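Q: Below is the sequence, then the predicted model.
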Amino acid sequence: MIVLNPPRNYLILIVIAFASLWSGSFLLAQDVSPVAKRVLAIFVFKQSMPWPYRFEQSLRAALTSNPSYPIELDVEYADQLTFSKKEYLSKVIDLYRYKYKFSKQKVDLVLVIGNEFADLMLEYSEVLFGDIPVVLITLEQKNKPRNLLKPNMVSSVYGFDLDKMGPLIQSLLPKTENLFVISGDSLTDRKFKNLAAGVLAEFNGQFAVHYLDDFSVKELLLEVTQLPENSAILFLTVFRDANGQSFIQRDLMSKISEKANAPTFGVIDTYLGHGIVGGNLLSAENQGKRYAEIVEKMLKGEPLTNLKFKGKANQMMFDWRQLKRWSIDEDRLPAGSIVRYREASVWGDYKWTIVGVGAIIFAQAFALIGLTIQHRRRRLAEEESQRLRDERAHISRVLAMGEIAASLAHELNQPLSAIRSYAQAAQRFLGNDPSDPDEAIKALAGIVAGNRRAEEVIKRIRMALKKEPFKQSRLDVRDLIQEVIMLVRSKAKEQNILIRLEIAAGLPPVFGDHIQLQQVLLNLIINGIEAMAAAGGSFREIVVQASGEKSDAVMISVQDSGVGIDENQEDLLFDAFYTTKSEGMGMGLSISRSIIEDHGGRLWATRNPDKGTTFSFTVPIYEEDEK
């Protein structure tokens, strides 16, 4: 037997009751959301017609954007203009009564668009929808006589503004003598013709008005090709022709305009782009918005008599292509007119943009010309500056060669003396009796060797004195240094100076001007020789070193054991015309620094710890893409 604990049971019951109350209140809170309203729109037209389709889309968009409560829109296309027999209408009435009068979801408002179905609603509205509010949209209002309308009905009109069509045609085509109005044989066609006839009667004195409403389409297409001169066409509607054949308005409009020998005007915006010049066109989009406003007011319970429209239903709209076809000046169009289908005209569409861009381009072109002139002047100045530097460097090389001229003469004298000795020996060997040809051949070989030595000396001198523009190429560091050593070897020997080379193994080639880099190295070595000659002492040595400087350059140094430089002289060494030598011009180091900087390197001097000075410079290594 199970014994229950009464206090615990009471607590469980209280919790369950509280949960039930909370969930019930939550459901009630959910039920207070606004109930959706249901609107039925019945179009007399065929579903595929462009104008009612745009009307429907605009109406639906406006209703679904209602922030107060959701509005559901049902749409029916009765196609009564195509099928007008009683048997068909009887079946339509039975269908709508079954779908909407006995539907579980009640319809709150009915919109009827078109004269034919509006007349049907006057007879069958109670059978179909009972006392549900009904708005009839027709060409003319149905409240005359008033007893035709039921209490739950209100009559409204499409909003065609035909009053402006006569003055418009007269303004655009002042020579117009005949206006041909095209209409059809359906109830809507006849109503529209009557509406237009009442308005255009005022213009009979200004041009003759003719009505083409009792033709088959085949006859109509032939008739519009034979209109008299200075005529115009006003196309209303042709839902059905004299033979009872039905048409889609826009397609028929396009055929008429193509064949007609006179400009054609229209009354609704979906004709635009299919052959009409234009007109004061009824906008399907505006119609949808206007009647959405009516629907919202009626669903709020406002009296039917207080319903008023806001905004306009018609717009002056024109086809640019038809204006050009019929030579109609755009300046004649009413103010505020909309012109569509312009051919792509860059000037017409982007005139001020083009003007602005042109001004910018002109300013940029002017600036570019100025920059080009400035660049050219700068380039010429740089070329002149480079020419002067090359000239100065050449003069410096000539002066440097002049300083070692005696040594070079001595070096050249040695092979020349050897050549003379070998030549005299060869004469003796050949003059002996008997002659000694073997020894003569050896002597001749000595002459050739001496000639080569002399030729090399002359070649080195010529290369040093050669005057060429700045030209960089791939250079081997060891060869570059040794060629300079050969030039100064005799001068160093005269001063009892040893030149020692310390060239690191595996150095990459450098990228530079062969002659100018030789000049820098020659100048630094000659300076070192002269510094040690002035210092005296028994041990005299110049160390020429070459090593890698980081990964992108080679560093070459010339270290002497001469008098060295003073601390105060370090900042002045490379200035032009500064020198510590009595006969110096002060140009060597200045030119050398310019040459190295032109190569993308740097030249500097450091004092040695014991005595003398070390001059160092860097040269960029040769890269494959610098070929």
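A: Good, I have the coordinates.

Q: Going by C-alpha atoms from here, please, whenever you check contacts or count neighbours.
A: Noted.

Q: Run through who's touching stretch 605-624.
A: Residues outside stretch 605-624 that contact it (Cα atoms under 8 Å, 6 or more residues apart in numbering) are 474, 508-512, 524, 549, 552-565, 570, 596, 599-604.

Q: Give me the number of neighbouring residues for Ala367.
A: Using other Cα atoms under 10 Å, Ala367 has 12 other residues around it.

Q: Please apply the same query to Gly184.
A: 29.

Q: Identify the residue spatially nearest to it, adjacent ones excluded.
A: Val238 (4.0 Å; Cα to Cα, 6 or more residues apart in numbering).

Q: Got phi/psi on the one you found?
A: With angles defined as degrees, to the nearest 10, Val238 sits at phi -130, psi 80.

Q: and if you look at the one 5 residues further on?
A: Listed backbone geometry of Asn243 is phi -90, psi 0, with angles given as degrees, to the nearest 10.

Q: Could you check how far the residue nearest to it when sequence neighbours are not counted is from Leu222?
A: The shortest distance from Asn243 to any non-neighbouring residue, by Cα to Cα, 6+ apart, is to Ser216 (5.7 Å). Going from Ser216 to Leu222 by Cα to Cα, to the nearest Å gives 10 Å.

Q: who has more neighbours, those two?
A: When Ser216 and Leu222 are compared for neighbours, Ser216 comes out ahead with 17 against 13, by other Cα under 10 Å.

Q: I'd guessed that one sits against Asp241; true?
A: Yes: here Ser216 reaches Asp241: they are 5.3 Å apart, a contact under Cα atoms under 8 Å.

Q: SS state for Ser490?
A: Applying DSSP: H, G, I helix; E, B strand; the rest coil to Ser490 yields a three-state assignment of helix.

Q: okay, it: pLDDT?
A: pLDDT recorded at Ser490 is 77.

Q: how many other residues sit next to it?
A: The tally of other residues near Ser490 (other Cα under 10 Å) stands at 20.

Q: what does Tyr96 give?
A: With other Cα under 10 Å as criterion, Tyr96 counts 17.

Q: list the contacts for it?
A: Residues in contact with Tyr96 (Cα under 8 Å, 6+ apart) are Leu128.

Q: List the residues that contact the residue sitting furthest away from the middle of the chain.
A: Within the chain, the residue lying farthest from the chain centre (Cα atoms, centre = their mean) is Asp433, at 99.6 Å. The contact partners of Asp433, by Cα under 8 Å, 6+ apart, come to none.

Q: that older thread, and the contacts of stretch 605-624, which of them are in strands?
A: Residues of the contacts of stretch 605-624 located in strands (DSSP state E): 474, 510-512, 549, 553-559, 603-604.

Q: out of these, which are buried?
A: Neighbour-count burial (16 or more other Cα atoms under 10 Å) applied to the ones in strands among the contacts of stretch 605-624 gives Arg474, Val510, Phe511, Gly512, Ala553, Val554, Met555, Ile556, Ser557, Val558, Gln559, Leu603.

Q: give me the beta-bridge partners of the fourth one?
A: Residues found in beta-bridge contact with Gly512 (criterion: DSSP bridges) are Ser473.

Q: hang on, it packs against His599?
A: Yes: between Gly512 and His599 there is a contact at 6.4 Å, judged by Cα under 8 Å.

Q: what sits up against stretch 226-241?
A: Against stretch 226-241 from outside (Cα under 8 Å, 6+ apart): 81-82, 169, 175-186, 188-189, 192-193, 213-217, 246-249, 253, 260-267.

Q: now with 6 Å?
A: The contact list for stretch 226-241 (Cα atoms under 6 Å, 6 or more residues apart in numbering) reads 175-186, 189, 216, 246-247, 262-266.

Q: quick one: which of those residues sit in strands?
A: Asn178, Leu179, Phe180, Val181, Ile182, Thr264, Phe265.

Q: where's the first one relative to Asn230, distance?
A: As for Asn178, its distance to Asn230 is 7 Å (criterion: Cα to Cα).

Q: Now Ser616: which helix or strand?
A: For Ser616, the element it lies in under DSSP states H and E is strand 613-620.

Q: For the helix or strand hosting Leu89, give the mean pLDDT please.
A: For Leu89, the element it lies in under DSSP H and E is helix 86-96. The average pLDDT for helix 86-96 rounds to 88.

Q: what do you get for stretch 447-456?
A: Stretch 447-456 comes out at a mean pLDDT of 68.

Q: Equivalent analysis for stretch 285-299, please.
A: 88.

Q: Sounds good, over and out.
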